[in-house]
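> Quick one, fold the following:
(chains A and B)
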Amino acid sequence: MRRILPLLFCVPLLCAASGAARAESVSVPVLVPLTGFLSLEGTSQRNGALLALKNPPAGITADAPVIDTGTSPEAAVTALERAAGGPVTAVVASMLGTQMLAMLPLAAEYKLPLVTVSGTASITEQSNPWVFRFFPGDAVTKEAHARYVVEELGKKRPALIYQTTAYGQSGKAHLETAFKRLGAELVFEEGVDPAAKDLLPVLTKALAAKPDVLVLHLHSAPTALFVRQAAASGIPVPIVAGSAMHQPSTAALLEPAELKGVCAETAASPISGGSPEVEAFTAAYRAAFNAEPDAFALGQYDGTRMVLDAVKAGARSAEDVRKALSTGTHQGLAMTYTSDGKGNMAHSAVIVCYDGASRVPAIVKRYDNITGVVK
Amino acid sequence: MTTLQLLVNGLALGAAYALVALGFVLVLNATSAVNFAQGDLVTAGGLLAVALAPLIPLPGIALLPVVLVIMAALGLLLALAAYLPLRRSPPVAVFISTIAVGIILQNGASVLFGPEPRAAPPLLSGGTVDLGGLVVAEQSLAIIAVAGLLIAGQQWLFARTQVGRRLRATAQDPEMARACGVPVTAMILVTFALGTAYAGAAGLLLANRYFVTPTAGGDLILKAYIAVTIGGWGSVPGAVVGALLIALFEVGVSSVLSYPVALGLLYAALLVILLARPQGLFGEAARRRA
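Got it, this is the predicted structure:
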């Protein structure tokens, strides 16, 4: 008995000691669209999340199973159900709005925080406390877009060319309201199907309305096609494009000379640098994925990092992480994130411009603390 | 001048669409099966040109023969894997197998090339030419010329060679052709190779000016289907004319109204043609539509 008693005391002590030394383990499934029409942006989202999860704060190990959600809401829901089968700290959730809307009720049921870079406004309008968006919505980016055109360039007669998709319609609605409030009259506006091959017709009609600036809200390939055709036509009117223009893969489709004078709004432009931390992120991203990072990658990196920091600070359950995201502030690489009470964490946007000599834009204007001015 | 520029752009787009539709109708005639992978084969041709460009740092015109040969081989594989095993099954089995091939090509391209849009090298230098004040992209003129040559080559092959005659016999009546000693299975393989090579050529032509993404094929198969319906189901000249009409219609109407209206009117025109002249403009063959 004398020999056993000390052991009875020692075993719990040993357990405690080994527990202190063991790293805190978290599981953050990455459920993003890697195939289908949003695969370009979905891949950036995945890469940003994985970069954060593979380099967690000291004392934390992260498990990050990746599931392709494709483009259907059903696939996203199935992926979330699969992921929820194990112990999950938080979920990196699809940037596709329709998938997010389908996942939200399930996230509330399973009590899982969804960390996303989806731009769809309605995902944070469902009174669902489990969603956190680390990318500025159109209410923020289009406000910056319009303000740069009117306040910085002094343009009052913009022509707006937008995509006919849900993405395009949302941006168009916000730009219309913003321009009206800023006293600029839209002299031309037209929707373009993403499958349109020749954009010279819409360019010709826009120029016939005698605008003083061309405002684009198009996807990646149509943006490049429009800029190329505008450059070939030698038009004297400046172009201020939507966030698709800032993506390095869009600029790669064009010659630097074709980009001269073109500007674009975006949440961030990691390849433009700006701080040693952003440059380190860009270098690590290039090394890990042999690709150029964009704002989606950086936004998702920041969001995932905020989750990991919450765990580092003591969050042990999904509910703890939700509380930390809801009430905390995170100094990310792109901006400072804080919830507006609905899960909108990002409230800043930047304007980047190309000088015609390279495909790397420079950040020319930063807009902070924009909170849903435009509805 | 702008009208002329739009006309050249429309013709260039129509010439590339014509190659897509031509490959589609050749397979349709030889097998009575709709090849729903045709659009994704165009994408494959474009991405192949993108992949070859660093290996053969020459203008796109030098890549064209390589693309044609590799795509023809892919066409043979397509026939062996997705058509021949199902040739005696109901037609819907072939539709589904070609849809499956299209999805495999799409996702395979996403894995191999990534999801971002890519640009193939221009056929020549990629600059512009001034034709009496009319500034036209050199690529547009090159697309028209190359597509014209390829279409003329197909016409020559079918009209002037023994292989062409056998291909036509197979397309018109496979059972009678077999009874006459024509190697029908071999001719079907040649047709798939030819149709896929044309899809690859269209991909190379389109991928410089209009870029290429792994998911771009869906829209192209729709355009080919409409072109063949308008031109006349099974009519080779009809497919070419139908494709040109679609492109000119798109560019023309969108320059006056808008692209969404142009698309709407295109489908409305298709409905009118189906009601008023179901055999299409050329009405060469009365076949059952898929």
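> Report the residue spans of the stretch 1-150 of chain A with pLDDT below the cut-off.
A:1-22 (pLDDT under 70).
> one more time with 80, if that's ok
A:1-23, A:36-37, A:121 (pLDDT under 80).
> can you pull out the helices in it?
Here the stretch 1-150 of chain A has its helices, by DSSP state H, counting those that start in this stretch, at A:4-21, A:39-54, A:73-83, A:97-110, A:138-147.
> Can you check which of those helices gets nearest to B:Gly127?
helix A:39-54 (28.9 Å; Cβ to Cβ). Placement of C-beta: from N, CA and C, glycine included.
> Kindly report the residues of the stretch 51-200 of chain A close to chain B.
A:164, A:190-193, A:195-198, A:200 (Cβ under 8 Å from any Cβ of the partner chain).
> Out of the residues you listed, which sit inside helices?
Secondary structure from DSSP state H places A:Leu200 of these in helices.
> JSON lines please, covering the residues of the stretch 51-200 of chain A next to chain B and showing neighbour count and pLDDT.
Shown next, in JSON lines, are these (neighbours: other Cβ atoms under 10 Å in any protein chain shown; pLDDT from 0 to 100):
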{"residue": "A:Thr164", "neighbour count": "19", "pLDDT": "89"}
{"residue": "A:Glu190", "neighbour count": "21", "pLDDT": "95"}
{"residue": "A:Gly191", "neighbour count": "21", "pLDDT": "94"}
{"residue": "A:Val192", "neighbour count": "26", "pLDDT": "93"}
{"residue": "A:Asp193", "neighbour count": "19", "pLDDT": "89"}
{"residue": "A:Ala195", "neighbour count": "18", "pLDDT": "84"}
{"residue": "A:Ala196", "neighbour count": "25", "pLDDT": "88"}
{"residue": "A:Lys197", "neighbour count": "25", "pLDDT": "86"}
{"residue": "A:Asp198", "neighbour count": "23", "pLDDT": "88"}
{"residue": "A:Leu200", "neighbour count": "23", "pLDDT": "90"}
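> biggest separation within the residues of the stretch 51-200 of chain A next to chain B, which pair?
By the measure Cβ to Cβ, A:Thr164 and A:Leu200 form the most distant pair in those, at 17.8 Å.
> residue ranges with poor pLDDT in the stretch 51-200 of chain B?
Low-confidence segments of the stretch 51-200 of chain B (pLDDT under 80): B:125-128, B:131-135.
> Chain A - how does it break down into domains?
Using automatic domain parsing, the domain parsing of chain A gives A:24-136+A:273-344, A:139-266+A:350-367.
> TSV for these, including distance to B:Ser254?
Compiled in TSV, the domains of chain A are given as follows (distance: least, Cβ to Cβ, whole Å):
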stretch	distance to B:Ser254
domain A:24-136+A:273-344	22
domain A:139-266+A:350-367	4
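> Quick one, which of these gets closest to B:Ala100.
Nearest of the domains of chain A (Cβ to Cβ): domain A:24-136+A:273-344, 14.7 Å.
> hmm, back to that, can I get the helices of the stretch 1-150 of chain A in CSV including mean neighbour count and distance to A:Glu176?
Shown next, in CSV, are those (neighbours: other Cβ atoms under 10 Å in any protein chain shown; distance: least, Cβ to Cβ, whole Å):
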stretch, mean neighbour count, distance to A:Glu176
helix A:4-21, 9, 58
helix A:39-54, 26, 24
helix A:73-83, 19, 28
helix A:97-110, 20, 20
helix A:138-147, 26, 9
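> picking up where we left off before, format the residues of the stretch 51-200 of chain A next to chain B as JSON lines; extra columns: distance to A:Ser44.
Formatted as JSON lines, those follow (distance: Cβ to Cβ, whole Å):
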{"residue": "A:Thr164", "distance to A:Ser44": "24"}
{"residue": "A:Glu190", "distance to A:Ser44": "29"}
{"residue": "A:Gly191", "distance to A:Ser44": "25"}
{"residue": "A:Val192", "distance to A:Ser44": "23"}
{"residue": "A:Asp193", "distance to A:Ser44": "24"}
{"residue": "A:Ala195", "distance to A:Ser44": "23"}
{"residue": "A:Ala196", "distance to A:Ser44": "24"}
{"residue": "A:Lys197", "distance to A:Ser44": "25"}
{"residue": "A:Asp198", "distance to A:Ser44": "28"}
{"residue": "A:Leu200", "distance to A:Ser44": "30"}
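> Give me the subset of the residues of the stretch 51-200 of chain A next to chain B lying in strands.
A:190-192 (DSSP state E).
> A:Gly356 is in what secondary structure piece?
Assignment of secondary structure by DSSP states H and E places A:Gly356 within no helix or strand.
> Thanks a lot, catch you later.
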